[in-house]
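> predicted model follows, preceded by the sequence.
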Amino acid sequence: MKNAIIVSRDAHWRTVMEGTLLARGWRVASVEGFSEGDQPDAEHVHAILVDAASVDSNEVANWMKSGGDHLKVPLVMVPVLSELDALADTLDVPSAASKPSSGVVLRFWGVRGSIPTPGPNTAFYGGNTSCVELNVDNHSIILDAGSGIRMLGMDLMARAARAKEPLDMHLLISHTHWDHIQGLPFFVPAFIPNNRLHILGYSAVRHHLADVLAMQMEPTYFPVSMDDMPAHPDVQEVDDHFELGEVKVIAFFTNHPGRCAGFRFETRAGSVAYVSDNEINSEGQATHLPRETAQHLHDRMVETLHGVRILIHDAQYTRAEYKTKVGWGHSAFEDVVEMAGEAGVEHLVLFHHDPMRTDDGINKMVREARAFAAEKGFQIRIDAAREGMEIHL
């Protein structure tokens, strides 16, 4: 892991730079300016990245002179944020965009919980609600239909145009709370006659799934009914074991009001689990369920998730915040890290970000989650889900 110092008087610049480097596995310290004579040790700091727009080059030169002109750490004046990926490659950072040949890719289209949160303070990680794509050999398995599915739909249409073939898609609904279905009426591929959309829900979670999805498209709420979608979505309720092509799927209960499903996928490139909404109660009190039932669900989930390669899990709160949110159906990131460690997870992706959590707040959560895992002795890679993020298995 590499360490960097970023220098800028622009809070937004510091947030975006830090988030970019955290996603690539760096440790980051951020400061607003230089302190005379205080130069880092090359053994512990691998790069200094300076915002050329807010920090004057004369200030940099004077700082270097104050240390005797013997700076041994690479210092880079960064002209614009758009150059970050090229800069990261130059610094020999493993590229998140490298594409192994397995043909299995995770893409994140909506990562926020509860309600969409557009705005400058959420632009880096994204403000759209839950939608993740598991793509296997260009077959899209879509996880939830929050507002993020709108952008996925536009991207899928572009892919279909390049391939000159209709789309055949599977959409899995974890539960029908609005932040997980609200994007469906705006999913463009469902309005193209030659496309096929198969919508699946775990039968133990929600009976009559087709009726529930159709309700939000009644004339009172939306001008086009679900029955009038030209792709004629096929809605099915599935048991706890099923297959989507070569991908084997296990559905299981999570601890969330109104019932919710998680899913584990076995692909040829490794296993992926999606647990969008789940409450882990480390102190053992009752949630919306009796204590014994919640503990039983937790134990079963740890067993189901054992050895999973990538776990996408609800991490809406900190433990301090969770004290006033017991029974709301979401987890503190510390409890998620402990469960992932107990289950032997390789890569944990913190998901379902609280609508009040800013980009800077998510950066802080990633730092603290990694430190907490190290303190506990867990060998887990930890990242925060971000719109546009891809993981190639």
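Okay, I see it. Residues are numbered from 1 along each chain as shown.

> going along the chain, name the helices of the stretch 151-300 of the chain.
Along the stretch 151-300 of the chain, counting by DSSP state H, counting those that start in this stretch, helices occupy 209-215, 291-305.

> can you tell me the average pLDDT over the first one?
I take that to be helix 209-215. Averaged across helix 209-215, pLDDT comes to 92.

> may I see the buried residues of that helix?
Within helix 209-215, the residues that count as buried by 16 or more other CB atoms under 10 Å are 209-210, 212-213. From N, CA and C alone the C-beta is placed, and that goes for glycine too.

> same for it, what does it pack against?
In this structure, helix 209-215 makes packing contacts with strand 196-202, strand 234-238, judged by 3 or more CB pairs under 8 Å, 6 or more residues apart in numbering; DSSP states H and E.

> residues in contact with the shortest one?
The contact list for strand 234-238 (CB atoms under 8 Å, 6 or more residues apart in numbering) reads 196-203, 206-207, 209-210, 213, 251.

> for the longest helix along the chain, name the packing helices and strands.
Secondary structure assigned by DSSP state H gives helix 359-376 as the longest helix of the chain. Using 3+ CB pairs under 8 Å, 6+ apart as the contact test, the elements touching helix 359-376 are helix 11-23, helix 333-343, strand 347-351, strand 381-384.

> swap in 6 Å and give it another go.
Using 3 or more CB pairs under 6 Å, 6 or more residues apart in numbering; DSSP states H and E as the contact criterion, the elements in contact with helix 359-376 are helix 11-23, helix 333-343, strand 381-384.

> dump those to CSV, plus distance to Pro223.
As requested, the helices and strands packed on helix 359-376 are exported to CSV (distance: least, CB to CB, whole Å):
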stretch, distance to Pro223
helix 11-23, 38
helix 333-343, 40
strand 381-384, 36
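
> can you redo the ones you listed as CSV with mean neighbour count?
As requested, the helices and strands packed on helix 359-376 are exported to CSV (neighbours: other CB atoms under 10 Å):
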stretch, mean neighbour count
helix 11-23, 21
helix 333-343, 21
strand 381-384, 22
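
> dump these to a markdown table, plus mean pLDDT.
Output for the helices and strands packed on helix 359-376, formatted as a markdown table (pLDDT from 0 to 100):
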| stretch | mean pLDDT |
| --- | --- |
| helix 11-23 | 89 |
| helix 333-343 | 97 |
| strand 381-384 | 97 |
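
> now Ser8, nearest residue through space, not along the chain?
Asp51 (3.4 Å; CB to CB, 6 or more residues apart in numbering).

> quick revisit: can I get the helices and strands packed on helix 209-215 in TSV with distance to Gly25 and mean pLDDT?
Converted to TSV, the helices and strands packed on helix 209-215 look like this (distance: least, CB to CB, whole Å; pLDDT from 0 to 100):
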stretch	distance to Gly25	mean pLDDT
strand 196-202	34	96
strand 234-238	37	94
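
> for those, which one ends up most surrounded?
For the helices and strands packed on helix 209-215, the largest average neighbour count (mean count of other CB atoms under 10 Å) is found in strand 196-202, namely a mean of 22.

> report the contact partners of Phe222.
Pro185 (CB atoms under 6 Å, 6 or more residues apart in numbering).

> list the buried residues for stretch 320-333?
Result for stretch 320-333 [16+ other CB under 10 Å]: buried residues 322, 325, 328-333.

> go on, stretch 184-193?
Within stretch 184-193, judged by 16+ other CB under 10 Å, the buried ones are 184-192.

> try stretch 386-393
Of the residues in stretch 386-393, those buried by neighbour count under the rule 16+ other CB under 10 Å are 386-387, 389, 391-393.

> farthest pair within these?
Based on CB to CB, the longest span within the buried residues of stretch 386-393 runs between Glu387 and Leu393 and measures 19.5 Å.

> so which bits of the least confident helix or strand in the chain by mean pLDDT are buried?
For the chain, scoring each helix and strand by mean pLDDT, DSSP states H and E identifies helix 84-90 as the least confident one, at a mean of 71. For helix 84-90, the neighbour count (16+ other CB under 10 Å) marks 84, 87-88 as buried.

> thanks a lot, see you next time.
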